[in-house]
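> next input, structure requested:
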Amino acid sequence: MSQSLTVVFALFPGVTQLDFTGPHQVLGALPGARLVLASRDGRALTTDAGMTFAGLDRLSDIPSCDVLCAPGGLGTSAAMEDEAFLRELRRLAEGARYVTSVCTGSLLLGAAGLLAGRRAACHWAWRELLAEFGATPDPARVCRDGNVITGGGVTAGIDFALTLAAEIAGEETARRIQLMIEYAPDPPFDSGRPETAAPELVAQIRAFGEQAGVARRDAVARAAERLKAMA
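Take a look at the predicted model:
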């Protein structure tokens, strides 16, 4: 691994904190890692669960990075409409060794034009929307296509980060980090994926998602149209 490794988490209002704090915990244990939390304007922002993060860097002030990570969250739809934010994603991705995301963060990569012709993961409820950006939706918990590594919904961020840690620093280091954080998932219920959850629970979650579904689908459609106009 190189002497230093700069990892930038591109945040936005309404982000899901576990999407980036899970990977932050893992990647922060890599030798020489420098982790940067940044947003479009560098101001404090509030997550979709009400946590506030301050002391953020401004994305435009970051010259380059080795790893770019886009988390997701309820604010993803608004972030897809923020061309200044997407422009910074495109700029940083150009020189990044790895372009990554967690959950609906892959929709942001798609809206930035970074997933055309790629396979990518996403939260199961929104995965099919990736096709609007020319990507192939992949149901894997961690999906790799070239230098693009994407994680599925929320908790998959830890799996993604351990996968990336092994890629960067070797499997032994990744295993050591896994042990250090005692990452040994043993949930009390087998209800973490739609394939294993009770059908009525899946229906409830889909119904809840439909409250934001129209706005998100419209945002995806508009972002996809903007990409076509830029081509």
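> and the helices in the protein, which stretches?
Secondary structure of the chain, counting by DSSP state H: helices at 17-27, 76-80, 83-95, 105-111, 156-169, 171-180, 199-230.
> nearest to residue 135, of these?
When the helices of the chain are compared by Cβ to Cβ, helix 105-111 sits nearest residue 135, at 5.6 Å. Quick note: C-beta positions are derived from backbone N, CA and C, even for glycine.
> show me how far that closest one is from its chain's centre.
A distance of 8 Å separates the centroid of the chain from that of helix 105-111, by Cα atoms, centre = their mean, to the nearest Å.
> what are the contacting residues of it?
By Cβ atoms under 8 Å, 6 or more residues apart in numbering, the list of residues contacting helix 105-111 from outside reads 10, 19, 69-72, 76, 79-80, 85-86, 89, 93, 99, 101, 115, 120-122, 126, 129-130, 132-135, 148, 150, 220, 223-224, 227.
> distance check, residue 152 against residue 105.
11 Å (Cβ to Cβ, to the nearest Å).
> the two: who's more crowded?
More neighbours surround residue 105 than the other of residue 152 and residue 105, with 32 against 24 (other Cβ atoms under 10 Å).
> okay, the more buried one: pLDDT?
Residue 105 is assigned 98 on the pLDDT scale.
> nearest spatial neighbour of it, skipping sequence neighbours?
residue 70 (3.7 Å; Cβ to Cβ, 6 or more residues apart in numbering).
> and that neighbour, what does it touch?
Contacts of residue 70 (Cβ under 8 Å, 6+ apart): 10, 89, 100, 101, 102, 105, 106, 108, 109.
> can you give me the neighbour number for the third one?
The burial count assigned to residue 100 is 30, neighbours taken as other Cβ under 10 Å.
> that one reaches residue 150, doesn't it?
Yes: judged on Cβ atoms under 8 Å, residue 100 makes contact with residue 150 at a distance of 6.6 Å.
> shared neighbours, the two?
Common contact partners of residue 100 and residue 150 (Cβ under 8 Å, 6+ apart): residue 160.
> quick one: low-confidence ranges for this protein?
1-3 (pLDDT under 70).
> residue at max distance from the center of it?
Residue distances from the centre of the chain (Cα atoms, centre = their mean) peak at residue 200, which lies 27.8 Å from the mean C-alpha position.
> how far away is it from residue 126?
21 Å.
> what does residue 178 give?
As judged by Cβ to Cβ, residue 178 and residue 126 stand 28 Å apart.
> these two: which is more packed in?
The neighbour count for residue 178 versus residue 126, taken as other Cβ under 10 Å, is higher for residue 126 (22 against 19).
> list the contacts of that one.
Residue 126 touches 104, 107, 209, 216, counting by Cβ under 8 Å, 6+ apart.
> next, count neighbours for the nearest residue in space to residue 111 that is not next to it in sequence.
Nearest non-adjacent residue to residue 111, counting by Cβ to Cβ, 6+ apart: residue 223, 3.8 Å away. For residue 223, the neighbour count with other Cβ under 10 Å is 24.
> with that, I have no additional questions.
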